[in-house]
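[1] Dropping the sequence and predicted coords here.
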Number of protein chains: 2
Amino acid sequence: MEITRRDMFKGSAAVVVAGAISGVSQAADDPLQSWNDGAAKQAILNFVKTTTDKSSSSFVPPELRVAEFDQDGTLWVEHPVYTQVVYCLDRVGSLVKEKPDLKSREPFKAVLSGDREAIAKLSMDQLFEIVIATQSGMTVEEFREEVNKWLATAKHPRWNRLYTELVYQPMLEVLRYIRANGYKTFIATGGSAGFVREYSERVYGIPPEQVCGTEQPFQYGYGKDQRPILTKAPKFILNNMEAGKIENFYLLFGSRPYAAFGNSSSDDRQICEYTSAGDGTRLAMLVLHDDARREYAYGPAQGLPDTKVGTFSQTLYDEAKSKGWIVISMKNDWNRIFSFG
Amino acid sequence: MEITRRDMFKGSAAVVVAGAISGVSQAADDPLQSWNDGAAKQAILNFVKTTTDKSSSSFVPPELRVAEFDQDGTLWVEHPVYTQVVYCLDRVGSLVKEKPDLKSREPFKAVLSGDREAIAKLSMDQLFEIVIATQSGMTVEEFREEVNKWLATAKHPRWNRLYTELVYQPMLEVLRYIRANGYKTFIATGGSAGFVREYSERVYGIPPEQVCGTEQPFQYGYGKDQRPILTKAPKFILNNMEAGKIENFYLLFGSRPYAAFGNSSSDDRQICEYTSAGDGTRLAMLVLHDDARREYAYGPAQGLPDTKVGTFSQTLYDEAKSKGWIVISMKNDWNRIFSFG
């Protein structure tokens, strides 16, 4: 039997469902109960209404209804470190057991030291080196098993909860609402699709084939028992950052989205631009992390120092404002962040 | 408005539906009316029954029900030349208008000569050169418009029908039957997904995001009016031949199929092997073209000379027999080939 992605986490699936039915001071039939009234909520409602109304000049036929969602910082927490990077950092210990010479080599040395400041200073290239080193050589089944084991136990240091619980309730409502109106939902992540696919269906309702990411290719071969195997090769074949995100989106899914949701200058600018440049009514939205109390605040739009992950630059903020891309303020637009508490 | 793939061919969609309801001497409730009783038909019925029966030890949960289909020679006619290659050959005329120096260069010279024998002798590398030359540089919208124009008019020389009518009625029945039992259907083609996607949903019921192929990457940029555009780059990024087909299948869709249908030694061997090597009940089937009267006969299994396209080698035939992959004889297993006539 293939590894079933649904079996693993019956508990957290229940959390999501519970989140859907526990409204906070909003009308019971409001599909976006966790959203405060305002421009962002209205933009989503208007977009769906206009594009699904047959009498509207912006009507979109069902087979073209495609909506794209970034994951880190858009659907779930990305701070203080991208979740998949945390996973890879956690794997470094097992890796050096197999390859002891890595112990004394950067960036592995820094990771093993446990020195948070040193780890925080690793460059993007060093992080990619760690991703490649910890995600290559094993069969796809071994990789999936490792990921599932980790997802079932690893917890975010701030909330002491599984990472898959740290998904934004307002965005789950958008996913459900937009799907209920005939849109197919896709995840385009800067991380590996293979990682996200292990929980995308049970957490977001998005099946594995509707997830794309920055990919290492598979290599076909034969195991010790001569059974055919697929192993992850130590290189990248698809870069899903910057313009790569929309290039690969069209490559894999064959269409320009009508709606795009993101939060990062390095990841989501071009896909918002390309989405918005299509004719008819389009929706481009960017989540601004401006809520240090309930989640995090980062990005220069808040006068806060820039950070390595999830950067929402002032340039992107200004571009969004000038082009009609909607900025979602977590602080003002969301009356709850998570399905719990 | 994005180019709607459904609008183009209302006529041929009607043909497909008609095919579905006109049974030939079979029980009206038979989901595989165009199949004669025999091992091939029984294998499909058994596979679906066993894997969807909750009390069976081979029960497959709905989210894992994935079936893969090759296209050329498996879902539609591939002789005498792969349809997408015919399209590219037809584009060479327009291409040399833009780039006259190609006129005197092979393989373009041979194509322009119209000499069928010379064209038939082009190597696979030369065909790929033509594919790259005729499918690069334009925006994705221009490409799609060209493809749709061609599909709406170009006809197969033998039947004088649109290529999209030359789909195998028995395979349409398998697609419908297997989907009705909860399987998602995917196309994995040696051609370009971008070509197949223009008709996959209306002809096969397979949405664009469930098609993968041998891919040229897109390049993000800006057109004359500063609108963002995606153009096809003159190189390949995914090779969907041989082992590449299963490597890319897992890369893009994230799972090992439970059923695989193909017909070619160069294209379908590894994906059949990998599919069959999974635990539980699996189905690997290969279409043997042994019906010169109603379609074509080729491949050494019939004692006929090998051909350039769609080769089903004796080696593959022997491997299939020894491993329990089912060989479908078009002549004996199918009581009709197309939905028409």
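    In hand now; what should we look at?
[2] Show me which positions of stretch A:115-124 end up buried.
    Buried residues in stretch A:115-124, defined by neighbour count with 16 or more other C-beta atoms under 10 Å in any protein chain shown: A:119, A:122. C-beta coordinates here come from the backbone N, C-alpha and C atoms, glycine included.
[3] Just the endpoints, please. Distance across that stretch?
    Using C-alpha to C-alpha, to the nearest Å, the end-to-end distance of stretch A:115-124 comes to 17 Å.
[4] same question for that stretch, mean pLDDT?
    Mean per-residue pLDDT for stretch A:115-124: 84.
[5] Over to stretch A:299-318?
    69.
[6] One more: stretch A:67-79?
    The model assigns stretch A:67-79 a mean pLDDT of 96.
[7] for stretch A:257-274, same thing?
    On average, the pLDDT along stretch A:257-274 is 94.
[8] what are the C-alpha coordinates of it, in PDB please?
    This file holds the C-alpha atoms of stretch A:257-274, laid out as PDB (Å, rounded to 0.1, in the frame of the first residue of the first chain):
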ATOM      1  CA  PRO A 257      -4.600  32.100 -12.300                       C
ATOM      2  CA  TYR A 258      -7.600  34.400 -11.800                       C
ATOM      3  CA  ALA A 259      -6.600  34.900  -8.200                       C
ATOM      4  CA  ALA A 260      -3.100  34.800  -6.500                       C
ATOM      5  CA  PHE A 261      -2.400  35.000  -2.800                       C
ATOM      6  CA  GLY A 262       1.100  35.600  -1.500                       C
ATOM      7  CA  ASN A 263       3.200  37.600   1.000                       C
ATOM      8  CA  SER A 264       6.800  37.700  -0.200                       C
ATOM      9  CA  SER A 265       8.800  40.000  -2.400                       C
ATOM     10  CA  SER A 266      11.100  37.200  -3.600                       C
ATOM     11  CA  ASP A 267       8.300  34.800  -4.200                       C
ATOM     12  CA  ASP A 268       5.100  36.400  -5.100                       C
ATOM     13  CA  ARG A 269       5.700  39.600  -7.100                       C
ATOM     14  CA  GLN A 270       5.700  38.200 -10.600                       C
ATOM     15  CA  ILE A 271       2.800  35.800 -10.100                       C
ATOM     16  CA  CYS A 272       0.700  38.700  -8.700                       C
ATOM     17  CA  GLU A 273       1.800  40.800 -11.700                       C
ATOM     18  CA  TYR A 274       1.000  38.100 -14.300                       C
END
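[9] Okay, buried residues for it please.
    Buried residues in stretch A:257-274, counted by 16+ other C-beta under 10 Å: A:257-274.
[10] Show me where chain A has its strands.
    Applying DSSP state E to chain A gives strands spanning A:66-69, A:184-188, A:211-212, A:218-222, A:228-232, A:259-262, A:283-288, A:326-329.
[11] Let me know which of those strands is tucked in deepest.
    Most buried of the strands of chain A, by mean neighbour count (mean count of other C-beta atoms under 10 Å in any protein chain shown): strand A:259-262, with a mean of 29.
[12] Just list the residues touching residue A:139, thanks.
    For residue A:139, the contact set (C-beta atoms under 8 Å, 6 or more residues apart in numbering or on different chains) comprises A:223, A:229, A:230, A:231.
[13] So what pairs up with the last one in the strands?
    I take that to be residue A:231. Under DSSP bridges, the beta-bridge partners of residue A:231 are residue A:139, residue A:219.
[14] for it, what are its contacts?
    For residue A:231, the contacting residues are A:136, A:137, A:138, A:139, A:140, A:218, A:219, A:221, by C-beta under 8 Å, 6+ apart.
[15] picking up where we left off before, let me know which of the strands of chain A is the nearest to residue B:107.
    Comparing the strands of chain A by their distance to residue B:107 (C-beta to C-beta), the top pick is strand A:218-222, with 30.2 Å.
[16] re the thing from before, among the buried residues of stretch A:257-274, which are in helices?
    Counted as lying in helices by DSSP state H, out of the buried residues of stretch A:257-274, are A:265, A:266, A:267, A:268, A:269, A:270, A:271, A:272, A:273, A:274.
[17] For the stretch 201-341 of chain A, which residues are neighbours of chain B?
    A:201, A:207-212, A:215, A:217-220, A:227-228, A:230, A:237-238, A:243, A:246-248, A:250-256, A:270, A:273-274, A:277-280 (C-beta under 8 Å from any C-beta of the partner chain).
[18] now those: which count as buried?
    A:201, A:207-212, A:215, A:217-218, A:220, A:228, A:230, A:238, A:243, A:246-248, A:250-256, A:270, A:273-274, A:277-278.
[19] where exactly do the helices run in chain A?
    For chain A, the helices defined by DSSP H cover A:10-21, A:39-52, A:83-98, A:108-113, A:116-120, A:124-134, A:140-151, A:169-180, A:193-199, A:243-253, A:265-277, A:314-323, A:330-333.
[20] could I get those as CSV with distance to residue B:196?
    What follows is these, written out as CSV (distance: least, C-beta to C-beta, whole Å):
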stretch, distance to residue B:196
helix A:10-21, 35
helix A:39-52, 27
helix A:83-98, 32
helix A:108-113, 44
helix A:116-120, 45
helix A:124-134, 32
helix A:140-151, 25
helix A:169-180, 25
helix A:193-199, 21
helix A:243-253, 13
helix A:265-277, 23
helix A:314-323, 34
helix A:330-333, 41
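[21] Tell me which of these approaches residue B:153 most closely.
    Between residue B:153 and the helices of chain A, the shortest separation by C-beta to C-beta is 25.7 Å, and it involves helix A:243-253.
[22] how far off strand B:218-222 does the closest one point, in degrees?
    Compare the direction of helix A:243-253 with that of strand B:218-222 by axes from the mean of the first three to the mean of the last three C-alpha atoms, to 10 degrees and you get 130 degrees.
[23] average pLDDT across helix A:243-253?
    Average pLDDT, helix A:243-253: 98.
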